[in-house]
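Enquirer: sequence and predicted model, in that order:
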Amino acid sequence: MSNSITKEELKQNSEEYVIIDVREIDELQKGKIENSQHMSLGLVIRNVKQGKIDELKSKKICTYCASGYRGNIASDELNKAGFSAVNLDGGFMAWSA
């Protein structure tokens, strides 16, 4: 399990993070975190394994999904591959509450 960050911590420090939304495309209509980039969970895993996002290894990453489960998987996979990633605790539901 990867480290998590609260919505308050992320709001105060959002400029320090590359924020990655790992939800599926159809979930994006519910809204998104400002300045986040979309990369579904499966795509995150593929991109990590293929070295397609290695330029992000020097940055802090925050992942999120709807409730936190997939975001945690994504940040865990990123961390195992040498990235510095945290998961938004509670996902987009917590962010938008």
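Expert: Ah, there it is.

Enquirer: tell me the helix or strand right after the lengthiest helix in the chain.
Expert: Longest helix of the chain, by residue count under DSSP state H: helix 69-80. Using DSSP states H and E, the helix or strand that follows helix 69-80 in sequence is strand 84-88.

Enquirer: for the residue most central in space within the chain, give me phi and psi.
Expert: Residue closest to the mean C-alpha point of the chain, counted by Cα atoms, centre = their mean, is Thr63 at 1.0 Å. Main-chain torsions, Thr63, degrees, to the nearest 10: phi -100, psi 150.

Enquirer: what does the one 4 residues further on give?
Expert: Its backbone dihedrals place Ser67 at phi -120, psi -10, with angles given as degrees, to the nearest 10.

Enquirer: on that earlier part again, could you check the angle the longest helix of the chain makes with strand 84-88?
Expert: Between helix 69-80 and strand 84-88, the angle comes out at 170 degrees (axes from the mean of the first three to the mean of the last three Cα atoms, to 10 degrees).

Enquirer: so for helix 69-80, what's the average pLDDT?
Expert: For helix 69-80, mean pLDDT is 97.

Enquirer: quick one: buried residues of it?
Expert: Arg70, Gly71, Asn72, Ile73, Ala74, Ser75, Asp76, Glu77, Leu78, Asn79 (16 or more other Cβ atoms under 10 Å). Every residue, glycine included, has its C-beta placed from N, CA and C.

Enquirer: how about stretch 45-54?
Expert: Ile45, Asn47, Val48, Ile53.

Enquirer: likewise stretch 3-13?
Expert: Those would be Ser4, Ile5, Lys7, Leu10, for stretch 3-13 by 16+ other Cβ under 10 Å.

Enquirer: I appreciate the help and will end here.
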